[in-house]
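Visitor: Could you look at this predicted model? Sequence included:
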Amino acid sequence: MNRTADQPEPNPLREGLSARPVPQPCSIVIFGATGDLTHRKLVPALYNLAADGELPPGVVIVGFARRDKSDDDFRRDLEESMRKFSRQPVRDEIWNAFAQSIFYHRSEFGDEAGYERLTKRLEELDKSHGTRGNRLFYLAAGPDQFESILKNLKAAGLNQTCKGSWARVIIEKPFGTDLASARELNRVVRNSFREDQTYRIDHFLGKETAQNILVLRFANAIFSPLWNTHYIDNVQITAAETLGVGTRAGYYEDAGALRDMVQNHLIQLLCLVAMEPPTDLSADSIRDEKVKVVRSLHRWSRSEIAANVVRGQYTKGAIHGEPILGYRQEQNVNPDSQTETFVALRLFIDNWRWADVPVYMRVGKRLPKSATEISIHFKKAPAVLFNKDLRDLNVLVIRIQPDEGISLRIHAKVPGTSFRIEPVKMDFHYGTSFGKPSPEAYERLLLDAMSGDATLFARADEVEQAWAFIDPIEEAWHAKKNAPELYFYPAGSWGPEAADDLLAREGRAWRRL
Amino acid sequence: MICSLARAGRGEDYKPVMPAAAETYSLGAPVEIGKIEQELKKLWREGEGAMTRASLMNLAVYSEDPGSLPSNTQLMARITENHACRAIVIEADCGADDDLVSAWISAHCHVSSVGGKQVCSEQISFLLKGGCTTQLPSIILSNLDSDLPLYLWWQEEFREPIDSQLWTWVDRVIYDSHGWSDFRSQTRLLEVMQEEGNQRIVLCDLNWTRLDNLRFALAQFFDHPASHHRLAKISKVRIYFAPGFRSTAVLFVGWLGAQLNWHIDEVKSSGELRFTRASRQHIDVDLRERNGEPVHEIALTSGDVEFRVTYAHCGDLLEVSRIHNDENRVPQLMPAGNNDPVGLISEELIRGGPHRVYLNALNCVRDLL
């Protein structure tokens, strides 16, 4: 994707080299440095970038957290996690050099003095490691801490830089819990950082197959004339997980599947599938087109929501033969919880390209298998000649995870003297065609943020528009009167029957995964 | 001339098997020339276990080195771990009295690192003898996997006549200029080849690929806009290269010269060169031979800063450092890549597009090679 328009002249020695330019040296300050995300994703991603030679000398990582720790303690903790979670095996000589650039800064998130000390420390690191005043702040702490962190960064002047340097902030989801809180969060962020300094991370967008959607659509002429209401019957997006809430019950009880997955990941995937071709590959051109899709999502009235959105919660069941507790029996979950662990939606994009094409989305926990995919179901060929009895449509499937790839279902004649026709699948697997494993989503996204490329990050208006779509559904669910029913489904099933009915009443069915 | 008769030949000693999961380095089953496609289909039909045949390209390898069939088969077994292809491995014995073509088919199967599937590439091997060596184009063209590009790895020096029938089909020609005895005549033949291929063939010189990681390591010093001015102040270049790799070092200098707009001013000796830039300032280049990796250290002096890339002790890493009087030396380790044929070919196969930068580098130092 493109870099920002104000980039200086390119380095002439870069021409023709396969790897992208190394970003500028910088200090990466991670708030919530002792948390899971830092240990499982962020530091392993940074190590892998360093091992692949994608980081410049002079990248410094400063972990900011409340617990008492020395730099060496922090390095030791991270090394242990690295050996568990790194994509590539940890090489001692690379880790030892890399670890020398990792530091720990103990402070409460709300303690002003802690930020003053941080400022001094970063200035010292600028001198000792050549980070040139460039700062990347990663908010991996709980969302309730965001405001305090952002205010204190501003108060300490860390949102400002001298000429030629930059300061950016990466914000982890959730970006609010509804439109009002998202607007408030955006206002808080804007008070400290401009929009072009703000990177709202959605790790789904860092996945290779998500990025490949644009390539599939805009680098292959064969799909272009078919990608519209004239040829597409329906679109299905599924994000299924076998896992339950695990240790996230505290968060999940308040969030639920709609806020946790649909508002961000699934709508982002839908945008990539449904957007118009951008004028160029710059961050804003792509995001301009994406936001138009979200803005065009048909808003159901309160009375229509029950017929178009199904919520469910898993009860006890079994997955892979293992008995599974029901959601309400999980630790830290209210025994009368009304939180949805499953959502299925029927939605429409009210624009010229997608008019009357239903988009079905489903997301759920404790489903029979883990899989995220988008399937494009094409319309039937005219019902003459061979097509009178054909039930299956041509389907193009984009598998996001696992086993990333693309398949196309077509019809073929079964060999023999009769004219029997059966569906066959043409299948492309990333793992089969390209031996090299894809980088982790966080590697790509961290590198992009360091390089100033916001293409794969959500913009404030995208986030707000997505909440504007989600809010009426949440409001209907939480209404005191006539709230749509919460359906139950046994763990290990594909969700409540009502989710199947969303499609069945129109003669359609969910794709079998 | 009898060229269509297929015979087991040396293949009699090789196991005619379809590998299950473990790799074998055999040439596989001997086949008749006219039945290769049929036999390949049979091979897949009768293969044991669940396998996925994959192919992204036709990769043909040509060698006149006696015994190259088994050694190139071993290379293919490793290359196909990451690059699914139809491999066409050819050994030619042009001086043989008898005319003969022998062929074998086999498969290289690997458990994919992604998804754990068993992914297989097929290989067709040919031994061409005597007058049959002139049938190389027809042998290659009749055995291509359709719709896939043809990469031809030419392990010999090029010689006349350049066969237009073959070269119009080649998408990328892979060679290693490091061993060329006469650089000038070889580059002239490459130009003829390019004409035959309507300038469509991408030239892939493994001698250039060898420099990839070094170029990357050096280029990253100048990514920061604040470092750009350093490029205009480079006054000295020092390169240490291993015996036999002077051409590799010269290509590196050619790259610097072409990208930074330097021109050769003076050749003081084979190891001492002087370039000038548009501002008429000089750049002294010092090429020194020393045992080690093909090019094992590069240092650029720009004002009071030295940018250095050198092999680290562990061999497969580069240590890059910026050395300045007033600043700390901040060394960083970066991947050095692999200089063996499999590493170089793999590097070459992952990138696409034309090698304009290579041609510019070559043109800059053509007279020095």
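Guide: Good, I have the coordinates. In this text the structure is predicted, and so the values were computed from the model without any measurement.
Visitor: give me the low-pLDDT residue ranges for chain B?
Guide: Within chain B, the segments meeting pLDDT under 70 span B:1-25, B:47-50, B:112-117, B:132-133, B:326-330.
Visitor: at 80 what do you get?
Guide: Low-confidence segments of chain B, defined by pLDDT under 80, are located at B:1-26, B:34, B:43-52, B:111-118, B:131-134, B:197-199, B:224, B:313-315, B:325-331, B:351-354.
Visitor: and what of chain A?
Guide: Scanning chain A with the threshold set as pLDDT under 80 gives A:1-9, A:18-22, A:56-57, A:163-164, A:247, A:383-392, A:403, A:417-420, A:422, A:430-438.
Visitor: quick check: domain ranges of the chain?
Guide: Picking chain A for this. The record's domain parsing of chain A by automatic domain parsing lists A:22-201, A:206-504.
Visitor: Correction: the question concerned chain B.
Guide: According to automatic domain parsing, the ranges for chain B are B:9-156, B:209-341+B:361-368.
Visitor: Can you add mean neighbour count and distance to A:His298 and give the ones you listed back as a markdown table?
Guide: (C-beta placed from N, C-alpha, C; glycine too.) Converted to a markdown table, these look like this (neighbours: other CB atoms under 10 Å in any protein chain shown; distance: least, CB to CB, whole Å):
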| stretch | mean neighbour count | distance to A:His298 |
| --- | --- | --- |
| domain B:9-156 | 19 | 38 |
| domain B:209-341+B:361-368 | 18 | 46 |
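Visitor: what's the closest of these to A:Ser282?
Guide: Within the domains of chain B, the stretch nearest A:Ser282 is domain B:209-341+B:361-368; the backing value is 19.2 Å (CB to CB).
Visitor: hmm, that closest one in reach of chain A?
Guide: Yes - if you take CB under 8 Å from any CB of the partner chain as the test, domain B:209-341+B:361-368 does meet chain A, through B:212-213, B:215-220, B:222-226, B:228, B:231, B:256, B:259-260, B:312, B:314, B:317, B:320-322, B:327-328, B:330-335.
Visitor: Ok, stretch B:342-359 next?
Guide: Yes - with CB under 8 Å from any CB as the criterion, chain A is reached by stretch B:342-359 at B:350-351, B:355-358.
Visitor: List the ones among those that fall in helices.
Guide: If you go by DSSP state H, the residues of stretch B:342-359 next to chain A have B:350, B:356-358 in helices.
Visitor: which one of these is nearest chain A?
Guide: B:Val357 (3.4 Å; CB to the nearest CB).
Visitor: quick one: contacts for that closest one?
Guide: A:15-16, B:255, B:258-259 (CB atoms under 8 Å, 6 or more residues apart in numbering or on different chains).
Visitor: For B:Asp206, which residues are in contact?
Guide: One correction, residue B:206 is Leu, not Asp. B:174-178, B:341, B:344-345, B:348.
Visitor: Put the buried members of the ones in helices among the residues of stretch B:342-359 next to chain A into a ChimeraX selection.
Guide: Remark: buried members of those, expressed as a ChimeraX selection using 16 or more other CB atoms under 10 Å in any protein chain shown:
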select /B:357,358
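Visitor: Let's have the ones in helices among the residues of stretch B:342-359 next to chain A in CSV, adding distance to A:Leu456.
Guide: Listed next are these as CSV, based on distance: CB to CB, whole Å:
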residue, distance to A:Leu456
B:Ile350, 22
B:Arg356, 29
B:Val357, 28
B:Tyr358, 32
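Visitor: Between all of the ones in helices among the residues of stretch B:342-359 next to chain A, which two are at the greatest distance?
Guide: Longest span within these, CB to CB: B:Ile350 and B:Arg356, 17.9 Å.
Visitor: if we can go back for a sec, now, the contacts of B:Leu206 that are in strands?
Guide: Judged by DSSP state E, strands contain the following of the contacts of B:Leu206: B:174-175.
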